[in-house]
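Engineer: model the structure of this input:
(chains A, B and C)
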Amino acid sequence: MSIELKNVTKRYGQVTAVEDISFAVTEGELLALLGPSGSGKTTVLRLIAGLETPASGGIFIRGLQVNGVPVQKRNIGFIFQNYALFKNMTAFDNIAFGLKIKHWGRQRVVERVGELAALLELESLLQRFPHQLSGGQRQRIAIARALAPGPDVLLLDEPFAAVDAQIRQELRQWLVRLHQDLKVTAIFVTHDQEEAMEVADRIVVFSKGRLEQIGTPREVYETPRNEFVARFVGVMNVLELEVRASVARCQELEFPAHGLADGQKLRIGFRPYAVQVSGDPAALRYPAVLRRTYFLGIMLRLEIETPGGLVIRSRMSKEDYSRLDLADGRPISFQIRAYRVLSKEGDPLANEVAATHQMPPSLGEGI
Amino acid sequence: MNPASVPHSPLRAAPVPLPEQPLAKWLLIAVAVLFSAVFLLLPLVNVFYQAFSSGWALYWKALSEPDTGSAIRLTLLVAGISVPLNAAFGLAASWAIAKFDFRGKTLLLTLLDLPFSISPVVAGLLFVLLFGAGGLMAPWLEAHHLKIIFAIPGMVLATIFVTFPYVARELIPVMQTQGREQEEAALTLGAGGWRTFWHVTLPSIKWGLFYGIVLCNARAMGEFGAVFVVSGHIAGQTDTLPLRVEKLYYEFDPAAPFAVATLLALLAVATVVLKAFLEWKSRRET
Amino acid sequence: MREASLTRSRAAGVESAAPSNPLPGFRLTLGFTIFYLTIVVLAPIAALALKALRLPWSQLWELATNQRALAAYALSLGASLAAALVNALFGSLLAWVLVRYRFPGRRLLDGLIDFPFALPTAVAGLTLADLFSSHGWLGQFLTPLGIKGAYTRLGVVIALTFVGLPFSVRTLQPVLESLDTGVEEAAACLGASRFRTFASVIAPTLLPAILTGFGLSFARALGEYGSIVFISGNLPKTEIAPTLIVMRLDQYDYTGAIAVALVLMIFSFGLLLTLNMLQGWAAKFQEP
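Structural biologist: Have a look, this model is predicted:
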């Protein structure tokens, strides 16, 4: 157990930034703290670093409680969102700073900086000042600076937020490779669910200062524990249903009533991949029109509209798209293969979110 | 950066730094407060204390002297002419500099700062050399029976010289941060030039404009060196309040210069309060 | 940019000197600006230049470099330097305290910083001379200790310090405020103590602003006259360059006044130039 938080709460005056958070990070893990802005994810990172003090609860690094240990003594590497490089120092001096604090000898410092520079491809930049470097280069210097003293854990605050899209992609791969090579425990904060999915071993999802779910990317995506996680991680179609004649309906779409009486409401969600589309307007259960196709690289996202005006998102591969001979404006048909109940009237706890309901044949199959 | 326009004091929500040693923190605060109290507040308090040290009667006597009255009127007159002129100049210069690109802009900005780097005494001297006896314009002025030096026009000119960048220097950064989008939007909606200026530009720079005018006015009313050189020290005619203070300093009543100085000290208090108010106002609106 | 638009509009057959900017009033405002600048600033400076050119150089040189003038420059430079140093020290301290700490009376203290700027210099000189005179509130304690603040060179330094203080504080304050606290946190994460962080990270970042504030208060002090009239007591030993100009003007010694004024202007312009260069250098380190 490398790092553990037990019932940690942090308040700023009247505002509770983080409430009763508990989770553990295993040695060598790459963990993402994911959530919208203001969800408390950065506060959690800063609490681990010792840049903030918790109001209650315990923080443990390698089994030792570190609540009273000042940031200087925690042996963590912190990478700031806007790098926080020392502007008055060269790249070399930035990386060497932590080593000089630890009174390393000149020779060892030069060796260690050289080692990191080679690892991060910074050799030719060591004599430059931060203002002479590009965003991606500055980011790598910040990483090298944090790694130099050999920290127990690497903490990254929105590490890729400030660079443009292409460099962001490169840096993500950097981080994954670096983590594989060094086997250092790393925790990074992000608001980008795709980034968390791509990079992390496990994801911790936050909302409004609370921990919503912790799990592997696959777990979080496929079995979200509640509506927030379901909607925040990945794209989801959400429908508001009302039970009429023992069938839950939203316009012409029909779902099982899940034990609710007539007149009661429930909310369901389904992923775009659960929407099956056919180019034949009569092949599947519901007729619709393909309104618009978005190209997302290898996958396509389809926006389809029912005669009643509901817009539903689906996705498919390019191959399937051309095989089905689809085009914007074409009449099509679709059906929903699986869905989740997000919430039910009179039942605030979304206990059914984790379960995926297969559409019963009576409602799901073609006419 | 220009020497004379004092930047806004920015007591914004400052970054929350790491916890400091409480001892070091309170020691530094104590030194800062003590230094300011002795070096900044005490001189101000002393002005009022000395002014009233010989009693109210003498205070009023010093203030009600006809020469003091004429000094008040002249100070108001000089500021009343030079401040509006400099405000108009400031508006024109900042419009041209902030909203347009042209060659020689850097040179113009440097020239704008010139009066800041010239000693007020030298500024006064410049006008003496131009308009004074034996000056370049002297023959022409004599032919037309005009008197500038050792008269009010010279004092106005000298005051304009030392205070002229204040409004412009305050407005240029304000207009630059605002950019041109709002004006361009007004133009696309069919507004004319003046209309755009009155309804779009002016409302968005009004606090900056007031701020510049307040600073300009404080300096105009309090100017000593430049006015001193061109005034000729004619009691009751060419003495502004600061010059009156100096004259009374060499007379027998020690409280008299302080009595007149209280008026200028009140001006300073009003300036500082207004400055704080305008900063608060402009921060609230951005 | 303007030229490009000129050629383009000519090519299109439109006679227009306006830049490629749709906003109106460019020629009006720039014309007024240049006109006003010429009348108010450039013409008087040209007058000085013309006057100086007509004077015999040897006489000008003699008057600019005689014993009395040299002593005045020395005091002007020395006292201004001392004042600017004091301001750099206390100004930095005040800026730090105002930006970094929260304490009762902070707003009041912040307002107080502007007083030397808002208070007419004549009033400042008057009250400081009284405070430091042997019977004044401060002088009665200091004079027995051998510290004479009024009618001495020390008095000149005190007055110049007073008028220059806001420049030091107000130059540093915004820089300190925009200082990225992440940098300090980064140093702390790497194990640096508070003092180490201050010495090796914060102070070097602030140095350009401190130097600029130093230069500004130095420039302000070099030209100051109003407050000096009172606190110097018009003694030969406390004569600064602006005082010498006024003295010579009072005796209608225009040549002598011009000589000293020229030297003073050279100092000021040199300082202005240095400050501008300093700004350019500092700007490099200020970008994110």
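Engineer: chain A against chain B: which residues are in contact?
Structural biologist: Remark: the part of chain A in contact with chain B comprises A:51, A:71, using Cβ under 8 Å from any Cβ of the partner chain. Quick note: C-beta positions are derived from backbone N, CA and C, even for glycine.
Engineer: chain A: helices as residue ranges?
Structural biologist: Ranges of helices within chain A are A:41-49, A:91-101, A:106-119, A:135-147, A:165-182, A:193-199, A:217-222, A:227-232, A:318-323, A:361-364, based on DSSP state H.
Engineer: same check on the stretch 101-250 of chain B?
Structural biologist: Along the stretch 101-250 of chain B, the segments classed as helices by DSSP state H, counting those that start in this stretch run B:105-117, B:120-131, B:138-143, B:152-163, B:165-178, B:181-188, B:193-196, B:202-222, B:225-231, B:241-249.
Engineer: which regions of chain C lie under the pLDDT threshold?
Structural biologist: Filtered on pLDDT under 70, chain C yields the residue ranges C:1-20, C:284-288.
Engineer: count the neighbours of the residue lying closest to residue C:281 once chain neighbours are set aside for me.
Structural biologist: Excluding the flanking residues, the one nearest residue C:281 by Cβ to Cβ, 6 or more residues apart in numbering or on different chains is residue C:208, at 6.5 Å. By other Cβ atoms under 10 Å in any protein chain shown, the residues close to residue C:208 number 22.
Engineer: the longest helix along chain B vs helix B:165-178, what angle?
Structural biologist: Ranked by residue count, the top helix of chain B under DSSP H comes out as helix B:66-99. Comparing the axes of helix B:66-99 and helix B:165-178 via axes from the mean of the first three to the mean of the last three Cα atoms, to 10 degrees yields an angle of 30 degrees.
Engineer: flag every buried residue along helix B:66-99.
Structural biologist: Within helix B:66-99, the residues scored as buried using 16 or more other Cβ atoms under 10 Å in any protein chain shown are B:68, B:70-72, B:74-75, B:78-79, B:81-83, B:85-87, B:89-99.
Engineer: returning to that earlier point: same list (the helices of the stretch 101-250 of chain B) but as JSON lines, adding mean neighbour count, mean pLDDT and distance to chain A.
Structural biologist: Output for the helices of the stretch 101-250 of chain B, formatted as JSON lines (neighbours: other Cβ atoms under 10 Å in any protein chain shown; pLDDT from 0 to 100; distance: least, Cβ to the nearest Cβ, whole Å):
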{"stretch": "helix B:105-117", "mean neighbour count": "17", "mean pLDDT": "87", "distance to chain A": "22"}
{"stretch": "helix B:120-131", "mean neighbour count": "28", "mean pLDDT": "93", "distance to chain A": "38"}
{"stretch": "helix B:138-143", "mean neighbour count": "12", "mean pLDDT": "87", "distance to chain A": "55"}
{"stretch": "helix B:152-163", "mean neighbour count": "25", "mean pLDDT": "94", "distance to chain A": "37"}
{"stretch": "helix B:165-178", "mean neighbour count": "22", "mean pLDDT": "90", "distance to chain A": "21"}
{"stretch": "helix B:181-188", "mean neighbour count": "15", "mean pLDDT": "81", "distance to chain A": "24"}
{"stretch": "helix B:193-196", "mean neighbour count": "14", "mean pLDDT": "82", "distance to chain A": "36"}
{"stretch": "helix B:202-222", "mean neighbour count": "22", "mean pLDDT": "92", "distance to chain A": "29"}
{"stretch": "helix B:225-231", "mean neighbour count": "27", "mean pLDDT": "93", "distance to chain A": "40"}
{"stretch": "helix B:241-249", "mean neighbour count": "24", "mean pLDDT": "92", "distance to chain A": "44"}
